[in-house]
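In: missing the sequence, but the structure's below:
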Ligand SMILES: [Zn+2]
């Protein structure tokens, strides 16, 4: 296990990016609506292999006032096809976060790489009984009877995703606090539903003392700056996901705020610039 925590401040809010390793996924999933030759050329231009890509898996811990908030929770368990991720609970502990100190969890959505950590062995027992788990009402509702007709995932994934989300809803039912469109979890910490990736997909907006940072969950992938219209294989409504991505990237570029996203290379703190009709990824500087 590699120690992987990155501390960052947004005004008075403490932000810790924690990696849950990497997910090895087919390159085609970055843009399944694109001519394979165009996709292969992009991957080559980016010095990436053509077949299997390593996707970062970032989760975040936010401290504001007296609250300690987990934003997503990694994949948690070691899925047979994803051997390089699944130690989120250990990495959280290694980063100095005691699960018993966590007051709130915010889930961007209920795919297993975002909520699975809370289902790993022994985790729930360490969490407080009065823990609040915030998720969009549309997300909880979606997973009662999820639609996978528009996704493009490797075999086995839809079943694993369905199973994990159902189990999550069952195990954390009494802790769930659903919201419609947005909810202020703590001073300067607002979760906002975007839809697209999943119907209840949400982003977390942080603002304090003139600083701003958005945790975008799965609204943005590495290819999404240059090709925001490429459909990601995990998107349940890819057209809407692309609209959400463009809207969010435009806003982040205009605000000049920082961006962190689940599957951008760790620690993923970056800025967004407008580049003609598309966008440019501007990596943040490492802060010691
Ligand atoms: Zn994801």
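Out: It's in. Here the structure is a predicted model, which means the values were calculated and not measured.
In: tell me the contacts of the nearest residue in space to residue 57 that is not next to it in sequence?
Out: Distance criterion C-beta to C-beta, 6 or more residues apart in numbering; nearest residue to residue 57, sequence neighbours excluded, is residue 20 at 4.3 Å. For glycine as for every other residue, the C-beta is placed from the backbone atoms N, C-alpha and C. Applying C-beta atoms under 8 Å, 6 or more residues apart in numbering to residue 20 gives the contacts 57-59, 74-76, 85-88, 91, 113, 117.
In: rerun that using 7 Å as the cut-off
Out: 57, 59, 74, 75, 85, 86, 87, 88, 91, 117 (C-beta atoms under 7 Å, 6 or more residues apart in numbering).
In: any idea of the pLDDT on the fifth one?
Out: You'll see residue 85 listed with a pLDDT of 83.
In: and for it, the neighbour number?
Out: 25 (other C-beta atoms under 10 Å).
In: I'd guessed it sits against residue 75; true?
Out: Yes. Shown here, residue 85 and residue 75 form a contact pair, counting by C-beta atoms under 7 Å, at 5.0 Å.
In: give the residues shared as contacts by those two.
Out: Counting by C-beta under 7 Å, 6+ apart, the residues touching both residue 85 and residue 75 are 20, 57.
In: secondary structure class for residue 155?
Out: Here residue 155 is recorded as coil under DSSP: H, G, I helix; E, B strand; the rest coil.
In: for the strand or helix carrying residue 44, buried residues please.
Out: Per DSSP states H and E, residue 44 falls inside helix 36-45. By neighbour count on 16 or more other C-beta atoms under 10 Å, the buried set for helix 36-45 is 39, 42, 43.
In: find the centremost residue of this structure, please.
Out: Nearest to the mean C-alpha position of the chain, counting by C-alpha atoms, centre = their mean, stands residue 217 at 2.8 Å.
In: so how far is residue 132 from that one?
Out: Plainly put, residue 217 is 19 Å away from residue 132 if you go by C-beta to C-beta, to the nearest Å.
In: how far off centre is the helix holding residue 44?
Out: 25 Å (C-alpha atoms, centre = their mean, to the nearest Å).
In: who are the packing partners of the helix or strand following that helix?
Out: Using DSSP H and E, the helix or strand that directly follows helix 36-45 along the chain is strand 52-64. The helices and strands touching strand 52-64, judged by 3 or more C-beta pairs under 7 Å, 6 or more residues apart in numbering; DSSP states H and E, are strand 13-26, strand 67-71.
In: strand 52-64 pairs with which strands?
Out: Applying DSSP bridges to the sheet, strand 52-64 is found paired with strand 13-26 (antiparallel), strand 67-71 (antiparallel).
In: any part of the longest one near the ion?
Out: Meaning strand 13-26. No. If you take C-beta under 5 Å from the ion as the test, strand 13-26 misses the ion, and the best it gets is 8.0 Å.
In: so which residues of this protein form strands?
Out: 5-10, 13-26, 52-64, 67-71, 104-106, 132-136, 176-179, 182-186, 189-193, 202-208, 211-215, 258-260, 270-275, 278-283 (DSSP state E).
In: any chance of these in TSV, with mean pLDDT and distance to residue 227 too?
Out: Below are the strands of the chain laid out as TSV (pLDDT from 0 to 100; distance: least, C-beta to C-beta, whole Å):
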stretch	mean pLDDT	distance to residue 227
strand 5-10	94	27
strand 13-26	93	17
strand 52-64	94	14
strand 67-71	98	26
strand 104-106	98	28
strand 132-136	98	27
strand 176-179	98	31
strand 182-186	98	28
strand 189-193	98	24
strand 202-208	98	20
strand 211-215	97	20
strand 258-260	98	17
strand 270-275	97	12
strand 278-283	96	7
